[in-house]
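Colleague: Could you look at this predicted model? Sequence included:
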Amino acid sequence: MTPEMMEVRERLFRDFRFYAANALKIRTKPDADGLSAIAPLRLNEAQSRLQALIDRQLAATKKVRIIILKGRQMGLSTHVGGWFYHRVSQRKAQKAMVIAHTGDSTKTLFDMTRRFHDNMPEILKPSTRYSSRKEIVFDKLDSSYMIVTAGGDAVGRSETITCAHLSELAYWPKNSAADTYSGLMDSIPSGPGTAVIIESTANGISGLFYEQCQKARTGESDFEFIFLPWFIDQGYRMPVRENFSLTPTEEKLVAKHGLDNEQLMFRRSRIAEKGVELFKQEYPCDADEAFLTSGRPVFNPERLVEMREKVLPPISRMALTAGEWEEHPLGELKQFYEIDPKGSYYLGCDVGFGVRKDHSVIQVMDGKRRQAAVWRSDRVDPDYLGTVLAAVGTLYNCADIICERNGPGILTNRVLAKDETYIGSIFRETVYDKTADVETEHLGFMTTEKSKALVINELRARLRNRELTLHDATTLDEMQSFVVTESGKLEAEKGTHDDCVIALSLADHINAGDFEPLVNDDAYSDIE
């Protein structure tokens, strides 16, 4: 092999873009006459953005962990399939697995892979021992490429997988998605040379894909989140009609995203077919509008999106160790501002049962109605939560505290007031017994349908009037999925949480705000 040929062969191995354009063949989308063709894979804008992220991760960590929220039919399954084929057909001891959401999609993806293989130049085509309707085995390399359907028995179990593509994760069977995902991730080593790519359009504001996206966005997982809006695909255009003029909503889209008239015509056409809500889910302009609720959102979505764009990372994280606060990268207390030694603070607490998936949350607000800190854990017993609550309150200048007293909250309030003898103000309610004609004072806030509506609506008004400053992404996510159900209840969308929302509404309920004295400048106008 000549030096020139060696150089080309090396580039084919290292440069996927070059390899795709010169070695991979795809079936194109139908043209104006409804005809498709077999053509080289040249990366479009969405594919190019994904490949840039893949290359960056490989250079930094030698492995790939990416989760993609996208619009419909942007060619990402083709791109990821081609990249996986490139890796396993050019390297030894590789095992790639693609998990599709339906049987039809499994067949389509495998046909695409067979097209890659069948049209591969002979000099690059590896030897195969056998090929079935779901697997290609490269015998001399001891590598393979398998495509299966989500929901199948023992998907990924008893395997050692180096590359996994989880296609349309939001549409995997709900009764088995979490178990399939867990077993698959257990089959993938965490070291260099491995790759896991998850991609899907949105499908509601709950479920496995939504949860994994939120974890990636808040830095709680190894995955890096990437959003790919529909309008970067040049195929999503339509001819502009005569007398075309922009609606107010379209004017905002032009200002925010730079959409042109052909893209707006495409948007109008799809909205006419699907309705605006389904269009946002399947063709989102930003990540937040992709996830739709099944109920009516309680909090103004536009305000939440504005705040999400201004989210601040914590200035510190603290853990309570042997009664003392210490800096810790995984500390439960996230602080967003330095503590003002003269400032007033207000704590709201939602009490969980101390088991996983049931969180206890303490929200700290200052007198300016800013979210000063958040403490959150799913592994704290209700009695010890009283100790934590006292410690947070003491840290924040013996803050005023309001803690719900429903269920396990009774014990939390008792520990706070009696065992910890907290010296700050603790919220109490006076309950009148008509039968006995006596008033009884109870520690804590009793959350009922009426009292919940009161504090939630107060918080809703604060948000609407721009009186709140929030920085915690988890809190904003919960507010986004907090809805009015068909029965009229105020609660979290099924499959999501509302602990942060309840705790925040309680802190807001007792927040008296900072005292700002009024100064009459005219009173001193005659003084020289």
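Modeller: Good, I have the coordinates.
Colleague: partners of the closest residue to residue 399 other than its chain neighbours in the sheet?
Modeller: With Cβ to Cβ, 6 or more residues apart in numbering as the criterion, residue 399 has its nearest non-adjacent residue at 3.7 Å, and that residue is residue 345. Where C-beta positions appear, they are placed from N, C-alpha and C, glycine not excepted. Judged by DSSP bridges, the bridge partners of residue 345 are residue 366.
Colleague: Help me confirm that residue 345 comes into contact with residue 397.
Modeller: Yes: the criterion here is Cβ atoms under 8 Å, and residue 345 meets it with residue 397 at 5.8 Å.
Colleague: Those two: which is more packed in?
Modeller: residue 345 (24 against 16; other Cβ atoms under 10 Å).
Colleague: Quick check, pLDDT for that one.
Modeller: With respect to pLDDT, residue 345 scores 97.
Colleague: Residue 214 too?
Modeller: Residue 214 is given a pLDDT of 88.
Colleague: i'd like the first residue to be 267 from this point on
Modeller: That works, and once the first residue is 267, the last one we named lands at residue 480.
Colleague: Give me the neighbour count for it.
Modeller: 22.
Colleague: next one: residue 328
Modeller: 11.
Colleague: just residue 624 next, same as before
Modeller: With other Cβ under 10 Å as criterion, residue 624 counts 14.
Colleague: Let me see the contact set for the closest residue to it other than its chain neighbours.
Modeller: Spatially, and ignoring its direct neighbours in sequence, residue 624 is nearest to residue 618 (4.1 Å; Cβ to Cβ, 6+ apart). Residue 618 sits next to 624, 625, 626, 627, 644, 646, 648, 674, 765 when contact means Cβ atoms under 8 Å, 6 or more residues apart in numbering.
Colleague: now do 10 Å
Modeller: Residue 618 makes contact with 624-627, 642-648, 651, 673-675, 678, 763, 765 under the criterion Cβ atoms under 10 Å, 6 or more residues apart in numbering.
Colleague: Can you tell me which of those are buried?
Modeller: 625-627, 642-644, 646-648, 651, 674-675, 678, 763, 765 (16 or more other Cβ atoms under 10 Å).
Colleague: Counting only strands, which of those residues make the cut?
Modeller: 626, 627, 642, 643 (DSSP state E).
Colleague: Need the residues you listed in TSV (columns: distance to residue 268 and pLDDT).
Modeller: Listed next are those as TSV, based on distance: Cβ to Cβ, whole Å; pLDDT from 0 to 100:
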residue	distance to residue 268	pLDDT
626	69	96
627	67	97
642	63	96
643	64	94
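Colleague: What strand or helix carries residue 583?
Modeller: Applying DSSP states H and E as the criterion places residue 583 in strand 582-587.
Colleague: Adjacent strands (with direction) for that strand?
Modeller: Sheet pairing for strand 582-587, using DSSP bridges, gives strand 590-593 (antiparallel), strand 599-601 (antiparallel).
Colleague: Could you tell me whether residue 334 really is in a helix?
Modeller: No: under DSSP: H, G, I helix; E, B strand; the rest coil, residue 334 sits outside any helix and is assigned strand.
Colleague: OK, contacts around the residue lying closest to residue 636 once chain neighbours are set aside?
Modeller: Closest residue to residue 636 apart from its sequence neighbours, by Cβ to Cβ, 6+ apart: residue 735 at 4.2 Å. Residues near residue 735 by Cβ under 10 Å, 6+ apart: 573, 576, 578, 602, 603, 631, 632, 634, 635, 636, 637, 638.
Colleague: Which residue is the nearest non-sequential neighbour of residue 631?
Modeller: In space, residue 631 is closest to residue 773, 4.5 Å off (Cβ to Cβ, 6+ apart).
Colleague: make that residue 699, sorry
Modeller: Nearest to residue 699 is residue 706, by Cβ to Cβ, 6+ apart, at 6.5 Å.
Colleague: host element of that neighbour?
Modeller: Judged by DSSP H and E, residue 706 forms part of strand 704-709.
Colleague: ok, residues contacting that strand?
Modeller: With Cβ under 10 Å, 6+ apart as the criterion, strand 704-709 contacts 669, 671, 675-676, 678-680, 682-684, 692-699.
Colleague: One more: stretch 675-682?
Modeller: 615-618, 626, 646-656, 659, 667-671, 685-686, 688, 690, 692-694, 708-713.
Colleague: closest to residue 503 among the buried ones among the contacts of residue 618?
Modeller: Nearest to residue 503 among those is residue 763, at 40.0 Å by Cβ to Cβ.
Colleague: ok, now which ones touch the nearest residue in space to the closest one that is not next to it in sequence?
Modeller: Leaving aside its chain neighbours, residue 763 sits nearest to residue 744 (5.7 Å; criterion: Cβ to Cβ, 6+ apart). By Cβ under 10 Å, 6+ apart, the contact list for residue 744 reads 480, 565, 625, 627, 738, 758-759, 762-770.
Colleague: repeat that with 6 Å
Modeller: Residue 744 makes contact with 763, 764, 766, 767, according to Cβ atoms under 6 Å, 6 or more residues apart in numbering.
Colleague: ok, the second one - contacts?
Modeller: Under the criterion of Cβ under 6 Å, 6+ apart, the neighbours of residue 764 are 744, 748, 758.
Colleague: show me where pLDDT drops low in the protein?
Modeller: By pLDDT under 70, the low-scoring segments of the chain are 267, 396, 418-424, 559-561, 621-623, 781-794.
Colleague: Dead centre of it: give me the residue that sits there.
Modeller: The chain has residue 480 as the residue nearest its centroid, 1.9 Å off, counting by Cα atoms, centre = their mean.
Colleague: Can you point out the helix or strand that includes that one?
Modeller: Residue 480 belongs to helix 474-483, assigned by DSSP H and E.
Colleague: after that helix, next one along is what?
Modeller: Counting by DSSP H and E, what follows helix 474-483 is strand 490-494.
Colleague: what sits up against that next one?
Modeller: Under Cβ under 6 Å, 6+ apart, the answer for strand 490-494 is 312, 319, 332, 333, 334, 335, 336, 482, 483, 553.
Colleague: Which strand residues bridge the fourth one?
Modeller: In this case it means residue 333. residue 464, residue 491.
Colleague: contacting residues around it?
Modeller: 464, 478, 482, 489, 491.
Colleague: repeat that with 7 Å
Modeller: Neighbouring residues of residue 333 by Cβ atoms under 7 Å, 6 or more residues apart in numbering: 464, 478, 479, 482, 489, 491.
Colleague: Would you check that the residue nearest to residue 665 makes contact with residue 660?
Modeller: No: the pair residue 611 / residue 660 is not scored as a contact, 10.7 Å apart, by Cβ atoms under 7 Å.
Colleague: can you pull the contacts of residue 407?
Modeller: 357, 358, 392.
Colleague: swap the cut-off to 10 Å and go again
Modeller: Residue 407 neighbours (Cβ under 10 Å, 6+ apart): 354, 355, 356, 357, 358, 359, 360, 392, 393, 394.
Colleague: how far away is it from residue 354?
Modeller: 8 Å (Cβ to Cβ, to the nearest Å).
Colleague: which neighbours do these two share?
Modeller: What both residue 407 and residue 354 touch, as defined by Cβ under 10 Å, 6+ apart, is the set 360, 392.
Colleague: How many residues are close by residue 613?
Modeller: Quick note: residue 613 (other Cβ under 10 Å) scores 28 neighbours.
Colleague: Can you get me a residue count around the closest residue to residue 628 other than its chain neighbours?
Modeller: Leaving aside its chain neighbours, residue 628 sits nearest to residue 641 (4.0 Å; criterion: Cβ to Cβ, 6+ apart). For residue 641, the tally of surrounding residues (other Cβ under 10 Å) stands at 25.
Colleague: Residue 641 touches residue 741, doesn't it?
Modeller: No: counting by Cβ atoms under 10 Å, residue 641 stays clear of residue 741, with 11.9 Å between them.
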